[in-house]
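> what follows is a predicted protein model with its sequence.
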Amino acid sequence: MRCWLPILALLSAVLCLTAVGQKTGPRFPSHPDFQPTPEAPAMPKALMKLPRTPITRAKFPAVDFHLHGRALRSAEDYRKMIKLMDETGLGVICNMDGGFGKSFDQNMKVGEPFRDRIIHFARLNFDGINEPGWSAKTAVELERCFRAGAAGLKINKVLGLDLKNSDGSYIQSDDPRLDSIWEMCARHNKPVMIHTSDSYGRFLPIGPENERYEAGLWRSSPEGNYYKTGHPSPGVIEKARENMHAKHPKTRFVNAHIAMLYYDMDKVAALLAKYPNADVEISATVQDLGRAPLMIRKFFLKYQDRILFGSDGNPGRGSEEFWTPHWRFLETYDEHFDHPAQLRGPLGAPLHGRWKIYGIGLPDDVLRKVYYANALRYLPSVRASIEKQLAARR
C-alpha cells in the first residue's frame, strides 16, 4: 500500500492543478460559454424522386473571377487545372493568390505559357502598414505588378477584421493610407476584387439558433466567431466600404461574396444603386442564394449587368460535388439538390449550410453576362480566349 502513496499523491496534485486551471479562466476567454458539440452527420438522402437536368459542364465558358490557385506551382499543376477546366466548362480562372513582389514574379513566370486560361491578381502585402512611407512604396510595387501582367488586385477580409492601427483600433477600407492604392487601380483600369466583413452568422452568438452553429462550423472551437470579441460590427465595415466607393468613383470594385450581404438582398440592391463603381460576384453564396430561388432570380434579372461568376474554389475541388451544383443553380429549375459546400466536416456535413437548394433557371442572355461578358469588361487580355472557346462550342 505504501508504494502507491506517492502515485496517489501525484494524481491528487494533478487533479488539483486541473481544477485550479478550470477555475482561473475558460479555454476560450472571448467565448466563455462555448461548449464543444458532436460532429454533425452528413445530410439525409431525399426519398422523393426529383427530376434532375443532365448537366456536367457550364453551358458557356465561365470566367471564375474568384479562385484560389495557391497550389499552382508547376507547369504540371497548370495542365491539370486546365484539364479540369475543360471538363467542367470553365473558360478562364482568376487566381486570387498571385502574390506580391517576388512571389508574384514567380507565379507570372510559371504561368506564362497558360495565360490565355489562367490569370493572376496581385494580392496586397499589408506588412508595415503602420510605418511611414508604406502607402507610396506599396503603390509603386502595385504599379510594377500591373505592368508585369497582374489582371487586378485582391483584398481579403483582414482589412476591417484583423489589421490594426498602432493604437489597437481596426483599419478599415476607407483609411487614407489606401487612397493611393485604389487610385493606382483606377489609373491602370484594373479591378479591385475586395472581400470585406464576413458571414453574418459569425457576428451572432454561438448556439442552436445560429444556423452556422447547427451546421457544425463551431463544433470544437469558436475560432472565426466575432460575437463580443471586440471586432468591428458589420455595420462599421459596411459604412467604411461605402465611403471607399464614394471617395474613388473611377475605381471599379468587385465585392466578393455578394458584398457579404447575401442575408439581406435589399442592402445589396441599395449598394449597387448608389455606387455605379460597385459590382458583386457570387462565390461562397450559392448555398444561401439557392434557398430563395424566386427572389434571387428576380434579383439576377434586374442586376444582370452587375453580377459576376465566382466560386472561391481551388484546384482540388471535384466536378460533381463542387462545379456541377453551380451550373445546376444558375442554368436549371432543378429542386432540392446539394449546394457546392465550401467546407465539409469529417462525416460529410456541409459546414456553411445544412440544407438543400433550388435552381434559378437564368435565360441564355443573362447567363452569358454572368458567366463571362461582365467579367470581360475587366479582363480584356482573355477576350480572345473566350471567343475562341465559344466558337469551338458552336
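Received, thanks. Residues are numbered from 1 along each chain as shown.
> OK, contacts around R117?
The contact partners of R117, taken as C-beta atoms under 8 Å, 6 or more residues apart in numbering, are I82, M85, G91, V92, I93, V382, S385. Where C-beta positions appear, they are placed from N, C-alpha and C, glycine not excepted.
> repeat that with 7 Å
Neighbouring residues of R117 by C-beta atoms under 7 Å, 6 or more residues apart in numbering: I82, M85, V92, S385.
> distance of it relative to K302?
R117 sits 32 Å away from K302 when distances are taken as C-beta to C-beta, to the nearest Å.
> for L390, same thing?
26 Å.
> please, where are all the helices along the stretch 101-250 of the chain?
For the stretch 101-250 of the chain, the helices defined by DSSP state H, counting those that start in this stretch cover 102-111, 134-147, 158-161, 179-187, 211-214, 234-247.
> can you state the direction angle for the first one and helix 134-147?
Orientation check (axes from the mean of the first three to the mean of the last three C-alpha atoms, to 10 degrees): helix 102-111 against helix 134-147 gives 10 degrees.
> let's number from 92 now, not from 1
Noted, 92 is the first residue going forward, which turns the last one into helix 193-202.
> in this structure, which spans are strands?
Remark: strands assigned in the chain by DSSP state E are 153-158, 181-186, 209-211, 213-214, 244-246, 283-285, 344-346, 369-372, 398-399.
> as TSV, the ones you listed with mean neighbour count, distance to G439 and mean pLDDT would be great.
TSV is the format used below for those (neighbours: other C-beta atoms under 10 Å; distance: least, C-beta to C-beta, whole Å; pLDDT from 0 to 100):
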stretch	mean neighbour count	distance to G439	mean pLDDT
strand 153-158	27	24	98
strand 181-186	27	25	98
strand 209-211	25	30	98
strand 213-214	25	32	98
strand 244-246	26	31	98
strand 283-285	25	31	98
strand 344-346	26	31	98
strand 369-372	24	27	98
strand 398-399	26	30	98
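> now tabulate those in JSON lines and tack on distance to D253.
What follows is the strands of the chain, written out as JSON lines (distance: least, C-beta to C-beta, whole Å):
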{"stretch": "strand 153-158", "distance to D253": "20"}
{"stretch": "strand 181-186", "distance to D253": "22"}
{"stretch": "strand 209-211", "distance to D253": "23"}
{"stretch": "strand 213-214", "distance to D253": "15"}
{"stretch": "strand 244-246", "distance to D253": "12"}
{"stretch": "strand 283-285", "distance to D253": "15"}
{"stretch": "strand 344-346", "distance to D253": "19"}
{"stretch": "strand 369-372", "distance to D253": "22"}
{"stretch": "strand 398-399", "distance to D253": "26"}
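> any idea which of these gets closest to R235?
Among the strands of the chain, the nearest to R235 by C-beta to C-beta is strand 213-214 (9.3 Å).
> deepest-packed of the helices of the stretch 192-341 of the chain, please.
Among these, ranked by average contacts under mean count of other C-beta atoms under 10 Å, first place goes to helix 249-252 (a mean of 21).
> tell me which residue is most central in the protein.
D403 (4.8 Å; C-alpha atoms, centre = their mean).
> least reliable of the helices of the stretch 192-341 of the chain by average pLDDT, please.
Mean pLDDT per stretch puts helix 302-305 lowest among these, at a mean of 87.
> please state the offset of it from the chain centre?
Centroid separation between helix 302-305 and its chain, computed with C-alpha atoms, centre = their mean, to the nearest Å, is 19 Å.
> CA-only coordinates of it in PDB, if you can.
Output of helix 302-305 as PDB, limited to C-alpha atoms (Å, rounded to 0.1, in the frame of the first residue of the first chain):
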ATOM      1  CA  GLU A 302     -27.600  28.300 -38.500                       C
ATOM      2  CA  ARG A 303     -23.800  28.100 -38.900                       C
ATOM      3  CA  TYR A 304     -23.600  26.500 -35.400                       C
ATOM      4  CA  GLU A 305     -26.200  24.000 -36.400                       C
END
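> next, count neighbours for F413.
If you count neighbours by other C-beta atoms under 10 Å, F413 ends up with 18.
> pretty sure it contacts P406?
No: applying C-beta atoms under 7 Å as the test, F413 and P406 come out as separate, 11.1 Å apart.
> could the helices of the stretch 192-341 of the chain go into CSV alongside distance to Y449?
Output for the helices of the stretch 192-341 of the chain, formatted as CSV (distance: least, C-beta to C-beta, whole Å):
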stretch, distance to Y449
helix 193-202, 37
helix 225-238, 41
helix 249-252, 32
helix 270-278, 37
helix 302-305, 17
helix 325-338, 27
